[in-house]
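Visitor: need coordinates for the following:
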Amino acid sequence: MENSKLKAFIECINKGSVTAAADSLGYTPSAVSQLLSSLERELGLKLLNRSQKGVSLTSEGKELEPVIRKCLADEDEIMQLAADLKGMSVGTLTIASYPSAAITWLPRIIRHFKKDYPGININIVENIRSDIFEHLENNAADMAILAYSEPMPYEWIPLTQVEMIAAVSEDNPYARSESFPIKQFENYDFIMGSWGDEREIIEILDKHDVKPNVKYTTYDIPVTIALVRMGLGVSMVNALGAQYWTGHYSKLPLEPREFITFGIAIPSRKRLSKAAEKFLAYAMEEFNIKKE
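Guide: You can find the predicted model right below:
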């Protein structure tokens with residue numbers, strides 16, 4: 001089976017449409033459609049539903065997707081190992097990450113990494129926890145950078161702690177205070193990230209027996225802060241992601257202070273690709289973490 005067919009299938013899923021996949025692969029939309037049709041004929045299964053809105057997986061396609069991703073990952077690992085044996089490194093590395101880490105730490109780590117391994121292409125997938133776990137489960141990502149929360153079904157390498165803070169509007173009574181009592185979250189409309197399922201925040205609130213009135217849910221910090229600025233509620237965010245969003249709202253330490261642990265999750269350290277092993281070493285060096 002030609003891997004071009006498998007790559008076309010996976011790229012259509014990643015991009016959401018045949019046209020976008022064609023642009024990414026350097027093919028015409030017609031060529032990608034032909035590759036997909038050929039793959040479906042060869043397997044005797046319909047893998048994708050196609051419409052003007054894009055593509056979606058059939059039930060058979062959902063079953064085969066993780067197997068196909070693993071097949072392509074294995075092929076890439078073979079090429080990386082062969083390149084290493086020849087004294088050079090090539091390949092592709094996919095990192096799933098919280099957006100807050102993707103805009104702060106990742107660029108710096110990648111810059112150092114690329115100086116020594118310019119032949120390795122890096123894909124960054126910004127997502128919330130549930131989507132990150134899905135990427136790891138389906139072999140769509142080699143590793144993930146996120147905050148620790150139970151359950152953690154993957155091997156975990158802690159990197160550093162990040163403080164959690166309160167975000168309030170300029171006209172909030174606590175806007176000019178030195179801190180924001182965690183209990184006060186019950187007295188305001190609350191804005192929750194990760195579409196209402198931000199596990200680290202929920203754990204902190206539960207720890208202090210705080211039950212906020214979740215009035216709005218968002219995907220990530222920028223939209224959360226935009227709502228805070230408009231006086232629509234208060235929120236708890238990590239200081240890492242909030243550092244680039246300043247003005248027209250107040251950022252306050254919590255009382256008592258709370259921290260979350262950021263780190264790297266990997267499906268299996270023993271099965272990491274050569275590129276992933278190397279990148280992990282650079283990430284650990286960035287945070288002065290000694291190799292085990």
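
Visitor: can you map out the strands along the stretch 1-150 of the chain?
Guide: Using DSSP state E, counting those that start in this stretch, the strands of the stretch 1-150 of the chain run over 48-51, 54-57, 91-97, 120-126, 143-147.

Visitor: now the second one: buried residues?
Guide: Spelled out, it's strand 54-57. For strand 54-57, the neighbour count (16 or more other C-beta atoms under 10 Å) marks 54-55, 57 as buried. Every C-beta, even on glycine, is put in place using the N, C-alpha and C of the backbone.

Visitor: got it, and stretch 33-51?
Guide: 33, 35-36, 39-40, 47-48.

Visitor: returning to that earlier point: for the strands of the stretch 1-150 of the chain, which one ends up most surrounded?
Guide: Highest mean neighbour count of the strands of the stretch 1-150 of the chain: strand 143-147, a mean of 25 (counted as mean count of other C-beta atoms under 10 Å).

Visitor: and that strand, which strands flank it?
Guide: For strand 143-147, the paired strands and their directions (DSSP bridges) read strand 91-97 (parallel), strand 249-266 (antiparallel).

Visitor: which SSE is immediately downstream of the last one?
Guide: Past strand 249-266, heading to the C-terminal end, the next element that is a helix or strand (DSSP states H and E) is helix 274-286.

Visitor: of the buried residues of strand 54-57, closest to residue 174?
Guide: residue 54 (44.9 Å; C-beta to C-beta).

Visitor: find the nearest non-adjacent residue to the residue most central in space within the chain, please.
Guide: By C-alpha atoms, centre = their mean, the chain has its centre lying nearest to residue 97, at 2.9 Å. Once flanking residues are discounted, residue 97 sits nearest to residue 145: 4.3 Å by C-beta to C-beta, 6 or more residues apart in numbering.

Visitor: distance-wise, check that neighbour relative to residue 246.
Guide: 23 Å (C-beta to C-beta, to the nearest Å).

Visitor: which residues of the stretch 151-292 of the chain fall in helices?
Guide: Using DSSP state H, counting those that start in this stretch, the helices of the stretch 151-292 of the chain run over 199-207, 221-229, 239-242, 274-286.

Visitor: need the strands paired with strand 143-147 in TSV (columns: distance to residue 282 and mean pLDDT).
Guide: TSV is the format used below for the strands paired with strand 143-147 (distance: least, C-beta to C-beta, whole Å; pLDDT from 0 to 100):
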stretch	distance to residue 282	mean pLDDT
strand 91-97	11	91
strand 249-266	11	97
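
Visitor: how about those strands, which one is nearest residue 22?
Guide: Per C-beta to C-beta, nearest to residue 22 of the strands paired with strand 143-147: strand 91-97, 18.9 Å.

Visitor: between that closest one and strand 120-126, how big is the angle?
Guide: 20 degrees (axes from the mean of the first three to the mean of the last three C-alpha atoms, to 10 degrees).

Visitor: tilt between strand 91-97 and helix 274-286?
Guide: Using the same axes, to 10 degrees: strand 91-97 against helix 274-286 is 50 degrees.

Visitor: ok, back up a step: out of the strands of the stretch 1-150 of the chain, which comes closest to residue 81?
Guide: Taking the strands of the stretch 1-150 of the chain one by one with C-beta to C-beta, strand 91-97 is closest: 9.1 Å.

Visitor: for the closest one, which outside residues touch it?
Guide: 76-77, 79-80, 83, 106, 119-127, 131-132, 135-136, 140-146, 273-276, 279 (C-beta atoms under 8 Å, 6 or more residues apart in numbering).

Visitor: rerun at 7 Å
Guide: Residues outside strand 91-97 that contact it (C-beta atoms under 7 Å, 6 or more residues apart in numbering) are 76, 79-80, 106, 120-127, 132, 135-136, 140-146, 273, 275-276, 279.

Visitor: so how many other residues sit close to the residue lying closest to residue 68 once chain neighbours are set aside?
Guide: Leaving aside its chain neighbours, residue 68 sits nearest to residue 6 (5.2 Å; criterion: C-beta to C-beta, 6+ apart). Using other C-beta atoms under 10 Å, residue 6 has 19 neighbouring residues.

Visitor: same thing with residue 230?
Guide: 11.

Visitor: and it, its phi and psi?
Guide: phi -80, psi 0 (degrees, to the nearest 10).
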